[in-house]
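Trainee: Structure for this input, please:
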Amino acid sequence: GDITTALPIPYTNIANPQTVYVRVENVNTGCYDTTTLQLIVEQALVANVPTPLEYCDPDSDGFGVFDIASTENEITGGVAGLSVTYHETLSNAENGVNELSSPYNNIVANTQTIYVRIESETIATDCATIVPLVLIVNPTPQIEDPTPLEVCDDALADGFAQFDLTTKNAEILDGLDAAQYIVSYYELEADAEVPTNVIATPAAYTNTVAFNQTLWVRVDDTVNGCFKITSLDLIVNALPVLVQPTELTLCDVDNSGDEMEAFNLEDANAEILNGQTGITLTYYETQADADLGSNPITSPYVNMTNPQTVYVRAENDNTGCVSTITLTLRVDPIPSPVVPNPIEVCDEDNDGFASFDLESRTVEIINGELDIQITYHETEEDANAGQDPLVSPYNNIVANSQIVHARAENTITGCFTVVPLQLIVLLSPEIPVDLDDYVICDTNDDGFAQFDLTTKNAEILGVQPPADFTLTYHLNQANADLGTNPIINV
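Mentor: Residues are numbered from 1 along each chain as shown. Below is the predicted model of the structure:
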């Protein structure tokens, strides 16, 4: 053949099949020979480039597990009789070596391209189609496990309360952009996985399990579609349980009549708490202050009205839960006894001591006041303490004059007032035990005569001043004892 008509290399066939002719010439001798070459173009297999596989990475380290075999149907379009293999490099795919198994762990962080070789299982041909498969590792939201959400029980004290779940969003996102990540809440973990049955009003959610309940939180990345789930514990803390205290009562002893006294408010603590610990009590003049915990009052506290209600705030030291209760302050009036007249008793032997009927002054001291009990005491200290009452009749222990103390106590309120009672021992006249007989002469011998009894006055009084005594004479002992029917013409 004419060498000038040699085909160019590379050569594109003009028919299929096409026969071309081959000339082989010895360059030294010029001798040649020819043969034929059949050119056949086989149709390459049609393959689709698959959608990238995406994996949500729980720890966001850029590596994940891919079910690469799941792309086979998309690549082949469902055509049977094709062999599909996966390879890490294009060369491996072209040579059909180092086939990958599924599932496959990527070795290039975040994004890696592998290659898919597609060829016929039934037609012997060197034709194979190779398409890329992109593996994408998407980070999942790196969220924080939230601390329990705690609220205080309401007045029903039934373990159910309203929670604002959204207050935990910032803690859960831990700095993630709230515009990119959606936080939602579910009662069941299975619902969070789907997701379905989302809690529709997370800002006003009432727990369905008393006191303690676990909810499930789903955080979705709106950019890559990945999500992560965590749990949130709800805790309803019990309110302090308080006992309504009896009123604090004081007697109006400080500036009596003003109905104002200094109260030790903490005297009510033990009754209010009834043995509970870990609760702090504070006192306030108004309910509003008690609710806010502002402007507490301290002991000693002087009441402003009588009676007066103050407000007690009980706060749990651990949970901060608060209950309030009222406390009444009451000032009772003290008795108003009369200071009695002294009791005077004549001293038969003039030794300065005598027996006194203390009860003889009880009615005078009470002066008609109701519910008053009188006791008598040797000292004011005993009277104030209500101890060692005296028994009537009482023998004085201080000669001539002694002050004892009468305690007038209201039998309902226990308030009392102490007044002094003076005991006076009066000196008795000292007279001779035996007087000399008064003898006069009978001038008419009839046995009767006139006696000037006053002539005996000096003998009777002795050295005692006559001006201090009234001396009378009587016909019998009874009249003398009573001081009645004196002899007039003495």
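
Trainee: any weak-confidence spans in this structure?
Mentor: For the chain, applying pLDDT under 70 flags the ranges 1-3, 43-44, 123-126, 490.

Trainee: Walking through it, point out its helices one by one.
Mentor: Per DSSP state H, the chain carries helices over the ranges 72-76, 90-95, 169-173, 189-193, 269-273, 287-292, 362-366, 380-385, 457-461, 477-482.

Trainee: Can you list the buried residues in the fifth one?
Mentor: For helix 269-273, the buried set under the neighbour-count rule, 16 or more other C-beta atoms under 10 Å, comprises 269, 272-273. In this view, the C-beta of every residue, glycine as well, is placed from N, C-alpha and C.

Trainee: again, but for the first one
Mentor: Counting neighbours by 16+ other C-beta under 10 Å, one finds that the buried residues in helix 72-76 are 72, 75-76.

Trainee: just stretch 258-271 next, same as before
Mentor: By 16+ other C-beta under 10 Å, the buried positions in stretch 258-271 come out as 259-261, 263, 265, 268-269.

Trainee: is it possible to export those to TSV including distance to Tyr205?
Mentor: Conversion of the buried residues of stretch 258-271 to TSV gives the following (distance: C-beta to C-beta, whole Å):
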residue	distance to Tyr205
Glu259	52
Met260	51
Glu261	50
Phe263	44
Leu265	39
Ala268	38
Asn269	37
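
Trainee: what's the closest of these to Asn306?
Mentor: Glu259 (4.0 Å; C-beta to C-beta).

Trainee: For the residue nearest to the closest one when sequence neighbours are not counted, give me its contacts.
Mentor: Spatial nearest neighbour of Glu259, excluding adjacent residues (C-beta to C-beta, 6 or more residues apart in numbering): Asn306 at 4.0 Å. Counting by C-beta atoms under 8 Å, 6 or more residues apart in numbering, Asn306 makes contact with 259-260, 329-331.

Trainee: if we go to 7 Å?
Mentor: Going by C-beta atoms under 7 Å, 6 or more residues apart in numbering, Asn306 touches 259, 330-331.

Trainee: One more: Gln464?
Mentor: The contact partners of Gln464, taken as C-beta under 7 Å, 6+ apart, are 429-430.

Trainee: coming back round to it: kindly reformat the contacts of Asn306 as JSON lines containing distance to Ala93.
Mentor: Shown next, in JSON lines, are the contacts of Asn306 (distance: C-beta to C-beta, whole Å):
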{"residue": "Glu259", "distance to Ala93": "103"}
{"residue": "Arg330", "distance to Ala93": "98"}
{"residue": "Val331", "distance to Ala93": "101"}
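
Trainee: Now, those that are in strands?
Mentor: Using DSSP state E, the members of the contacts of Asn306 that fall in strands are 330-331.

Trainee: pretty sure Gln180 contacts Asp220?
Mentor: No: between Gln180 and Asp220 there is no contact under C-beta atoms under 7 Å: 9.4 Å.

Trainee: which of these two has more neighbours?
Mentor: For Gln180 versus Asp220, the count of surrounding residues by other C-beta atoms under 10 Å is larger for Asp220: 18 against 13.

Trainee: most centrally placed residue in this structure?
Mentor: Centroid-nearest residue in the chain, with C-alpha atoms, centre = their mean: Asn316, separated by 2.4 Å.

Trainee: What segments of the stretch 351-490 of the chain are strands?
Mentor: For the stretch 351-490 of the chain, the strands defined by DSSP state E, counting those that start in this stretch cover 355-356, 372-377, 394-395, 401-410, 416-427.

Trainee: right, and those - which one's nearest Ser83?
Mentor: strand 401-410 (111.8 Å).

Trainee: Specify the angle between that closest one and strand 372-377 in degrees.
Mentor: 150 degrees (axes from the mean of the first three to the mean of the last three C-alpha atoms, to 10 degrees).

Trainee: What strands flank strand 401-410, and is each parallel or antiparallel?
Mentor: Strand 401-410 has the following sheet partners, assigned by DSSP bridges: strand 372-377 (antiparallel), strand 416-427 (antiparallel).

Trainee: which residues touch the first one?
Mentor: So the one you mean is strand 372-377. Contacts to strand 372-377, defined as C-beta under 7 Å, 6+ apart, come from residues 335, 358, 362, 365-366, 383, 388-390, 404-411, 421.

Trainee: Could you write me a PyMOL select line covering just the buried ones among those residues?
Mentor: If you want just the buried ones from those in PyMOL, going by 16+ other C-beta under 10 Å, the selection is:
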select buried, resi 335+358+362+365+366+383+390+404+405+406+407+408+409+410+421
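
Trainee: now the helices of the chain in JSON lines, with distance to Ala467?
Mentor: Below are the helices of the chain laid out as JSON lines (distance: least, C-beta to C-beta, whole Å):
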{"stretch": "helix 72-76", "distance to Ala467": "146"}
{"stretch": "helix 90-95", "distance to Ala467": "153"}
{"stretch": "helix 169-173", "distance to Ala467": "106"}
{"stretch": "helix 189-193", "distance to Ala467": "116"}
{"stretch": "helix 269-273", "distance to Ala467": "69"}
{"stretch": "helix 287-292", "distance to Ala467": "76"}
{"stretch": "helix 362-366", "distance to Ala467": "32"}
{"stretch": "helix 380-385", "distance to Ala467": "38"}
{"stretch": "helix 457-461", "distance to Ala467": "10"}
{"stretch": "helix 477-482", "distance to Ala467": "21"}
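
Trainee: how about the strands of the stretch 151-300 of the chain, start to end?
Mentor: Ranges of strands in the stretch 151-300 of the chain, per DSSP E, counting those that start in this stretch, are 162-163, 181-186, 205-206, 212-221, 227-237, 248-251, 262-263, 279-284.

Trainee: Next, report how far the fifth one is displaced from the centre of its chain.
Mentor: Relative to the centre of its chain, strand 227-237 is centred 22 Å away, using C-alpha atoms, centre = their mean, to the nearest Å.

Trainee: Numbering from 15 from now on, please.
Mentor: Happy to do that; since the first residue is 15 now, the last one works out to strand 241-251.

Trainee: Given it, what are its sheet partners and their directions?
Mentor: Paired with strand 241-251 in the same sheet, following DSSP bridges, are strand 163-166 (parallel), strand 226-235 (antiparallel).

Trainee: excluding its backbone neighbours, what's nearest Asn32?
Mentor: I think there's a mix-up here, since residue 32 is Gln and not Asn. Leaving aside its chain neighbours, Gln32 sits nearest to Leu53 (4.5 Å; criterion: C-beta to C-beta, 6+ apart).

Trainee: And Ile339, by the same measure?
Mentor: Leaving aside its sequence neighbours, Ile339 sits nearest to Leu256 (C-beta to C-beta, 6+ apart; 4.5 Å).

Trainee: do the same with Thr65
Mentor: Glu88 (6.6 Å).

Trainee: Report the contact partners of that neighbour.
Mentor: 62, 64-65.

Trainee: try Val34
Mentor: Residues near Val34 by C-beta under 7 Å, 6+ apart: 21, 51, 53.

Trainee: Distance check, the last one against Arg37.
Mentor: Translated: Leu53. 16 Å (C-beta to C-beta, to the nearest Å).

Trainee: still on that earlier bit, restricted to buried residues, select the contacts of Glu88 in PyMOL.
Mentor: Selection of buried members from those for PyMOL, criterion 16+ other C-beta under 10 Å:
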select buried, resi 64
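
Trainee: Filter the contacts of Glu88 down to just the ones in strands.
Mentor: Per DSSP E, the contacts of Glu88 never map to strands.

Trainee: Between the contacts of Glu88, which sits nearest Pro146?
Mentor: Among the contacts of Glu88, and counting by C-beta to C-beta, the member closest to Pro146 is Pro64, at 8.5 Å.
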